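Peer 1: model this:
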Amino acid sequence: MKKLLSLMVIVVNSFCIAQNVDLSQFTLSNPSSPAFVLVEETPTAIYTPDNFKALALHALDNFGESFSIEATPYFLINQESKNRTYQKYIGVTKNDSGELEQNPFSGLKTTTISLAYVDKEFSGLADERKTYSIGARTTLLRFYNKEKVHKNTEAMATALSNIVVPQSVLIQGEEAIQNYYNEKQDEINALLKPFEKTIKPIFRLDAAAGYSTMFKENSISSGTTDRIGAWLTSETSLILNEGSDAKTNNYFNLFVTARYIEDGFNMNTNEDFFTTYYRDFGGKIDFEFGKLTFGYEYISRNGTFNSERSVGNISYSINKDISISGGFGKDFSVTDDNLLTIFGIHWGLNTGNSKVKL
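Peer 2: Okay, here's the model as predicted:
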């Protein structure tokens, strides 16, 4: 009887192990970082990424002179936690009565911290300047179609339950079972493939902030000047191919953004630095067709000087970890030199613990 009970416990444990989802298998959706946005070194200034990677690297144009790294603490801190589930990560769970509930604050788990180094020529300055930035971003609110998320979760659980552990492995205990599933990772990933369709929130609201510093004469002894900013970005997403058997969900996305900036990266005719103040307001539309996304954004800047940003952008996911993006148009500037042409590569690193239970 004890042997039978022990075997039953092992079977239950093996089922629990099978019901793990590795979020790193989902496609990287992160075209920039707040640290880059603050220094206006990005193909798109308006975005709300899904952070399925522990680390993301961004390199732009003159690779090695403009790069950023973004970390998601959720995947790096308290990695041994037993309380992580896909349902809690998304924010759609069942209550004690079996009814679906939504936690609009679940997006706080996507909080990121970013660092950037940029060597570029800023508007109004005679030559290139080295700048260093730090930024942070989080999702304050997000709302999903609860029924759609729950249906997708149940389908994933059913697919993963098709992994059958041989009895010879079961009797060896949990460690042997875990090793067995590690060996079957490719098979597990294949079972999850049909459920990697992006399910975007119906509505989400992100908040971001950043701080950047510049050495006035590109030397430590010359002193520094600073730029700070904070902004909100909302996104509303409408699926374009509802009910389709296509391998991807296609979306129309509408963004609205508002931000405040204090900019010390300005120089007058006496070569003295001074600070300007801005309020930005704008929006963006994009069409997301699986791996390919087209978008256009417009931001109006009002304050010490008035300006605008009008940029078309495109991004393509080469695979689940690597994407490329580009932007072309008119950037913020107080001079006539306002043409923006920028290209970037974005690479998600699957480090830390990105596995959650179903």
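Peer 1: in the sheet, who's paired with Arg129?
Peer 2: Lys120 (DSSP bridges).
Peer 1: Which residues are in contact with it?
Peer 2: By CB atoms under 8 Å, 6 or more residues apart in numbering, the residues touching Arg129 are Asp119, Lys120, Glu121, Phe122, Met214, Phe215, Asn218, Phe265. Glycine gets a C-beta too; all of them are placed from N, C-alpha and C.
Peer 1: Parallel or antiparallel, which strands does whichever helix or strand Thr276 is part of pair with?
Peer 2: Here Thr276 sits within strand 273-289, counting by DSSP states H and E. Looking at strand 273-289 with DSSP bridges, its partner strands are strand 250-267 (antiparallel), strand 292-303 (antiparallel).
Peer 1: show me where pLDDT drops low in the protein?
Peer 2: 1-22, 24-28, 51, 61-64, 123-124, 196, 218-222, 334-339, 350-358 (pLDDT under 70).
Peer 1: Tell me the buried residues in stretch 313-331?
Peer 2: Applying a neighbour-count criterion of 16 or more other CB atoms under 10 Å, one finds Asn313, Ile314, Ser315, Ser317, Lys320, Asp321, Ser323, Ser325, Gly326, Gly327, Gly329, Asp331 buried in stretch 313-331.
Peer 1: now stretch 199-213
Peer 2: For stretch 199-213, by 16+ other CB under 10 Å, it's 199-201, 204-213.
Peer 1: mind listing what's buried in the strand holding Thr276?
Peer 2: For strand 273-289, burial by neighbour count (16+ other CB under 10 Å) applies to Phe273, Thr276, Tyr278, Asp280, Gly282, Gly283, Lys284, Asp286, Glu288.
Peer 1: My read is that Pro201 contacts Lys148, right?
Peer 2: No - between Pro201 and Lys148 there is no contact under CB atoms under 8 Å: 10.9 Å.
Peer 1: just to revisit the earlier point, pick the one among the contacts of Arg129 closest to Leu38.
Peer 2: Nearest to Leu38 among the contacts of Arg129, counting by CB to CB, is Phe265 at 10.3 Å.
Peer 1: what residues are up against that closest one?
Peer 2: Phe122, Gly124, Leu125, Arg129, Thr131, Ser212, Met214, Thr225, Arg227, Phe273.
Peer 1: Out of the residues you listed, which sit inside strands?
Peer 2: Counting by DSSP state E, the contacts of Phe265 place Arg129, Thr131, Ser212, Met214, Thr225, Arg227, Phe273 in strands.
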